[in-house]
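# Would you be able to build a 3D model of this:
(chains A and B)
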Amino acid sequence: MSTSTRTEGAAAPTGPDSFFSVRDLRVRFSTEDGVVKAVDGLSFDVERGRTLGIVGESGSGKSVTNLTVLGLHNPKTTTVDGEIVLDGKELVTATEKELEKLRGNKVAMIFQDPLTALSPYYTVGRQIAEPYMKHTGASKKEARARAIEMLTKVGIPQPKVRVDDYPHQFSGGMRQRAMIAMALVCDPDLLIADEPTTALDVTVQAQILDLLKDLQQEFGSAIVFITHDLGVISDMADDLLVMYAGRAVERGSAAEVLRSPRHPYTWGLLSSMPRLGGSLDQPLSPIPGSPPSMLNPPSGCPFHPRCAFTDEVGGDRCATERPPLGEGRAAACHLTAEQKQTLFIDKIQPRLR
Amino acid sequence: MSDDVTLPAQQGSASASAPSEVLLKVAGLTKHFPVYGGFPIKRKVGAVQAVDDVDLTVGAGESVGLVGESGCGKSTTGRLITRLMEPTGGRIEYAGRDITHASRRQLAPVRSEIQMIFQDPYSSLNPRQTVGTIIKSPMEVNGINPKGGRDTKVRELLELVGLNPEHFNRFPHEFSGGQRQRIGVARALALNPKLIVADEPVSALDVSIQAQVVNLLQKVQQELGIAFLFIAHDLAVVRHFSQRVAVMYLGKVVEVGDRVSIYSRPRHPYTHALLSAVPEVSTIDEPEDRERIRLAGDVPSPILPPSGCRFRTRCWKAQDKCASEVPPLVRIDGNHEGHLTACHFPEQPTTAARDEDIVLDPALTALEDTGKD
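Model (predicted):
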């Protein structure tokens, strides 16, 4: 397992083994209504060739985290604390010039909506060629050949013709393929995919997910895969980070987290989701309430107002004390390991049949 | 899926789909949107064949799911049934009355019995009206005066959908997405409808909220005996909610049947492809026994749909016959009662893994072949 082996919040320098690591990241936006604590003390590691899945509901801070990695936040209204280290290089304090060299080269990003992420003004080929020319110094002709090669790789039919098309001439699935081609054109070491298939139909989603998996085997890059869909995560991720209200609440290998989850929020997510193979008589068990506002997050454990198991902990620990996320396979919850085990087997597992 | 799970479910769905009184009957329903072009005089140059020859029945108190990918005409079908759009052809019968081309006046008594829940709870509620006004207005429009007054009824409805009745005077922006969708449900229930057309009612919501709304709709359906036409692209949600399911592709129903038949014994290649594409959470330590089918490309344009069977351009079984003959939607050998499939060369009724995966996507084939070497 390649997830963090260090204590959360430890400011110790990361070892050479960790390719991409985020340490105690805190992101705050100042808005008219007050300060939004979008990410509050997040740590994780990703190794080369591995996929880290980040799952959470809207507003849990999963996208903000990764925009911060690339320095795509608005510096005027955002404060970023903590460490983001990519291959030994610190990114939080990096200058815009240094980041420019990384973006599209060493780190690339795939966005959710390809129609808004691609420029309607330039041809697809030119948009794929642009980062390649900038980072490798290739000529226009070489870059065009490279764009055609990439389009072939991602499965665009007639790449020699389609390279001169504009994004509006592509279908939704093809646009997402073009964006993958653009992201991979410089063989990035780290690929951040932010809900890359959410806007797509299910048969096209299956094609794109398989394509990403196959391409990762070929390129060997690390992938951070952000989604709200547990099914997609189960399909894609090696390691898994469950986020709630700007914090990681559970971490482990994808198989461990999905098969024997330890945090009440993960339990809630799993038992509120209907599955194709699930029992038809089993009603869904939703999580009561709705996600908290990040302007004024709950005290203590951010999940305690919606948690059904605060009584098991006893006292008001859940409301006053923030549970830490331990090392490695861990869940940020005050329940003891035995309690989690028995509660999961007695109360949660029967719902997942 | 193990047998001990499917068997009781099968019995349950069989009793649920027992032929009850038919509430809604749709036959040959067609909607073509004209496409204009030419300069300087614009003329009709073609048609988007959004819905083409769709047959569908919904029994009283029954929930029928309509699934398909975007652009397959499932939403248009819903809008035609609620008569928000004028059908190009076919026949819509509601409770034995032909409402296909009924005028506004003729429709008035039916309108209150067919209600709709929309996808986006942000754009389907008027931001300038209070929740009370929003829920009350269907009653005002239809001149309905419930016992104890309209305001009391609104409070009852708010309570029924799990909102605080004191929030009567609040505006939609004061509510979260899930709560807004509850307001939409309360509005649909205001007229005691017999049929609710729910167009992607939960797809804009977060997973944990989605389950709350699905449970609410299920409660409404079971306790008030309201029939549902549940339109969604999420196959797992449809399976959970609907006793019968119709699968649409490019304006046509390709397969329809009770949910156990559709999800465990599908016959149409498209249904197979659709089911195999759904990403499943593996919560148990069992090797997955699901077939893997990866289609190539996207859905073709409904302006020039393929001749014959519309799925043939993406189908691995397509032959000459598929291009020349439109397959009829019939019960084929080996199907249960009421399970109809429109295919010349149906698949085996199982979703178990095949000896060889079907991968039609050229990029995937190329990458996977090099991986094997």
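
# Let me see the contact set for the residue in the stretch 251-373 of chain B positioned nearest to chain A.
Of all residues in the stretch 251-373 of chain B, the one sitting closest to chain A is B:Ala363 (2.6 Å; CB to the nearest CB). (C-beta placed from N, C-alpha, C; glycine too.) Residues near B:Ala363 by CB atoms under 8 Å, 6 or more residues apart in numbering or on different chains: A:152-155, A:177, A:211.

# And for B:Thr88?
Counting by CB under 8 Å, 6+ apart, B:Thr88 touches B:30-32.

# and the closest residue to A:Pro159 other than its chain neighbours, how many neighbours does it have?
Using CB to CB, 6 or more residues apart in numbering or on different chains and skipping residues adjacent in sequence, the residue nearest A:Pro159 is A:Leu151, 3.7 Å away. Counted with other CB atoms under 10 Å in any protein chain shown, residues neighbouring A:Leu151 total 27.

# So A:Leu151 sits against A:Ile128, correct?
Yes. Between A:Leu151 and A:Ile128 there is a contact under CB atoms under 8 Å: 7.2 Å.

# joint contacts of those two?
Contacts common to A:Leu151 and A:Ile128, judged by CB under 8 Å, 6+ apart, are A:163, A:178, A:181.

# which of those lies closest to chain B?
A:Ala181 (10.2 Å).

# Which parts of chain A are helices?
Here chain A has its helices, by DSSP state H, at A:62-69, A:96-102, A:114-117, A:124-136, A:140-153, A:159-162, A:172-184, A:202-219, A:230-236, A:254-259, A:264-271, A:310-313, A:317-320, A:337-343.

# Excluding chain neighbours, what is closest to A:Arg351?
A:Ser271 (4.3 Å).

# any idea how far that neighbour is from A:Val22?
From A:Ser271 across to A:Val22, the span is 29 Å (CB to CB, to the nearest Å).

# ok, back up a step: go through the contacts of B:Thr88 and single out the one with the most neighbours.
B:Lys31 (23 neighbours).

# Point out where the stretch 151-300 of chain B drops to low pLDDT.
Along the stretch 151-300 of chain B, the model assigns pLDDT under 70 to residues B:285-287.

# Contact residues of the stretch 251-353 of chain A facing chain B?
A:255, A:258-259, A:268-270, A:272-281, A:283-288, A:290-291, A:352-353 (CB under 8 Å from any CB of the partner chain).

# Which among those count as buried?
Neighbour-count burial (16 or more other CB atoms under 10 Å in any protein chain shown) is assigned, among those, to A:255, A:258-259, A:268-270, A:272-280, A:284-287, A:290-291, A:352.

# Parallel or antiparallel, which strands does whichever strand or helix holds B:Ile196 pair with?
Under the criterion of DSSP states H and E, B:Ile196 resides in strand B:195-199. Here strand B:195-199 has these sheet partners by DSSP bridges: strand B:114-117 (parallel), strand B:227-232 (parallel).

# And the helices in the stretch 101-250 of chain B?
B:104-111, B:131-141, B:150-160, B:177-189, B:207-224, B:235-241 (DSSP state H, counting those that start in this stretch).

# For those helices, give me JSON lines that also has mean neighbour count.
Below are the helices of the stretch 101-250 of chain B laid out as JSON lines (neighbours: other CB atoms under 10 Å in any protein chain shown):
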{"stretch": "helix B:104-111", "mean neighbour count": "13"}
{"stretch": "helix B:131-141", "mean neighbour count": "18"}
{"stretch": "helix B:150-160", "mean neighbour count": "18"}
{"stretch": "helix B:177-189", "mean neighbour count": "24"}
{"stretch": "helix B:207-224", "mean neighbour count": "20"}
{"stretch": "helix B:235-241", "mean neighbour count": "24"}
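
# In JSON lines, list the ones you listed along with distance to chain A.
Converted to JSON lines, the helices of the stretch 101-250 of chain B look like this (distance: least, CB to the nearest CB, whole Å):
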{"stretch": "helix B:104-111", "distance to chain A": "32"}
{"stretch": "helix B:131-141", "distance to chain A": "17"}
{"stretch": "helix B:150-160", "distance to chain A": "16"}
{"stretch": "helix B:177-189", "distance to chain A": "6"}
{"stretch": "helix B:207-224", "distance to chain A": "3"}
{"stretch": "helix B:235-241", "distance to chain A": "4"}
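
# In the stretch 51-200 of chain A, what residue lies closest to chain B?
Nearest residue of the stretch 51-200 of chain A to chain B: A:Gly155, at 2.6 Å (CB to the nearest CB).

# Surely that residue and A:Arg177 touch.
Yes. The criterion here is CB under 8 Å, and A:Gly155 meets it with A:Arg177 at 6.1 Å.

# between the two, what contacts are shared?
Joint contacts of A:Gly155 and A:Arg177 (CB under 8 Å, 6+ apart) are A:211, B:363.

# what separates the nearest residue to A:Pro188 once chain neighbours are set aside from A:Phe170, distance-wise?
The shortest distance from A:Pro188 to any residue other than its chain neighbours is 4.0 Å, reached at A:Ala108 (CB to CB, 6+ apart). Going from A:Ala108 to A:Phe170 by CB to CB gives 19 Å.

# The two: which is more packed in?
A:Ala108 (25 against 20).

# wouldn't that one be in contact with A:Asp194 here?
No. Here A:Ala108 lies out of contact with A:Asp194, judged by CB under 8 Å, at a distance of 11.5 Å.

# Isn't B:Ala236 up against A:Pro274?
Yes. The pair formed by B:Ala236 and A:Pro274 meets the contact definition of CB under 8 Å, at 4.3 Å.

# The closest residue to chain A within the stretch 51-200 of chain B: how many residues sit nearby?
Using CB to the nearest CB, the closest approach of the stretch 51-200 of chain B to chain A is made by B:Glu69 at 3.8 Å. By the measure other CB under 10 Å, the count of residues near B:Glu69 is 21.

# Return the residues in contact with it.
Neighbours of B:Glu69 in contact, by CB under 8 Å, 6+ apart: A:201-204, B:233, B:249, B:274, B:299.

# Looking at those residues, which two lie furthest apart in space?
Within these, two members stand farthest from each other by CB to CB: A:Val204 and B:Tyr249, at 13.7 Å.

# Compute the number of surrounding residues for residue 74.
I'll assume chain A. 8.

# ah, I was thinking of chain B
27.

# from what I can see it touches B:Gly68, true?
Yes. Using CB under 8 Å, B:Lys74 is in contact with B:Gly68, at 4.9 Å.

# residues shared between the contacts of those two?
B:233, B:248.

# The residue of the stretch 251-373 of chain B closest to chain A and A:Ala181: what is the separation?
10 Å.

# ok, now A:Glu250?
34 Å.

# same thing with B:Val64?
From B:Val64 to A:Ala181 the distance is 41 Å (CB to CB).

# Of those two, give the one with the bigger neighbour count.
The neighbour count for B:Val64 versus A:Ala181, taken as other CB under 10 Å, is higher for A:Ala181 (27 against 24).

# my guess is the more buried one meets A:Gln127, correct?
No. Under the criterion of CB under 8 Å, A:Ala181 makes no contact with A:Gln127, lying 9.3 Å away.

# Tell me how many other residues crowd the residue lying closest to A:Ile348 once chain neighbours are set aside.
Among residues not flanking A:Ile348 along the chain, A:Trp267 sits closest, at 4.6 Å (CB to CB, 6+ apart). Look at A:Trp267: counted by other CB under 10 Å, it has 25 neighbours.
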